[in-house]
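Predicted model follows, preceded by the sequence.
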Amino acid sequence: MSHSSTLIPWSSGHWTHAPAEAVEQGTDLLVTAVEGSDAWRHTSYGFVHESEHALLVPFAQDSAVEVEFTAAFSQQFDQAGIFIKVSDAHWIKAGVEYADGSAQLGAVVTNGASDWSLAPVPDWTNQRVLIRVSRSGDALSIRAGVVGGALQLVRVVPFPPELHAQAGPLICAPSRAGLTIPFHSWRTTPKDAALHQPA
């Protein structure tokens, strides 16, 4: 996607809600989620959850953010990826979530109420995954893939350029205690050159 990137130090972000534990191990950050942590607003379930663990820094227009982690999930709704926050009622999460017995690649787009899309990626379980969100023009472009492979387009989200946003790694464990995920890198890069990349 790009030839230049800048690593974001783990210490430069601030948590939306503190995880049970966050420990640097070499260049990785091992994060343990609090049981019941999640982000969701209203749709279908009727509740609002605002207890996600997201480590955020400002997300500038005409840039992209990337997060790599190992998708070591095994229980319902275990999840990790990227969180983009404008406000408590306006945010996006994109990544891998364990749902209905399989790893799923998905995104939740929330502006007042949540909108969820999923696609099964069972072979991504225990793989090192890259989630990338590019901000350009009036949109976010969300891409994902196994590290070393091609990235696939997950979602295009309306996102006005004047919005002030923050972004960074996300982990939630809605249904259990003890989910620990290693995050391997967090970086900013130039925005995607085009919505549809050449093959």
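Here it is on my side, so go on.

In contact with the residue most central in space within the chain: list those residues for me.
Residue closest to the average C-alpha location in the chain (CA atoms, centre = their mean): Ile82, at 1.7 Å. By CB atoms under 8 Å, 6 or more residues apart in numbering, Ile82 lies in contact with 65, 67, 93-95, 131, 133, 167-170. For every residue, glycine as well, the C-beta is placed using N, CA and C.

Recalculate using a threshold of 10 Å.
Ile82 sits next to 54, 56, 59, 65-67, 69, 92-95, 107, 131-133, 140, 142, 144, 167-170, 186 when contact means CB atoms under 10 Å, 6 or more residues apart in numbering.

Quick one: low-confidence residue ranges for the protein.
1-3, 198-199 (pLDDT under 70).

Could you count how many residues lie near Ala177?
Residues contacting Ala177 under the criterion other CB atoms under 10 Å number 12.

Need the nearest residue in space to it, chain neighbours excluded.
Closest residue to Ala177 apart from its sequence neighbours, by CB to CB, 6 or more residues apart in numbering: Glu35 at 3.8 Å.

ok so, going back, got a quick ChimeraX command for the buried subset of the contacts of Ile82?
Typed into ChimeraX, the line below selects the buried ones among the contacts of Ile82, using 16 or more other CB atoms under 10 Å:
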select :54,56,59,65,66,67,69,92,93,94,95,107,131,132,133,140,142,144,167,168,169,170,186
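
quick one: which of the contacts of Ile82 sit in strands?
Among these, the members found in strands (DSSP state E) are 54, 56, 65-67, 69, 92-95, 107, 131-133, 140, 142, 144, 167-170, 186.

separation between His90 and His42?
13 Å (CB to CB, to the nearest Å).

Same drill for the two, tell me which one is more crowded.
Taking neighbours as other CB under 10 Å, His90 and His42 compare with His90 leading, 16 against 13.

Show me what the more buried one is bridged to.
When assigned by DSSP bridges, His90 has beta-bridge partners Ser87, Asn111.
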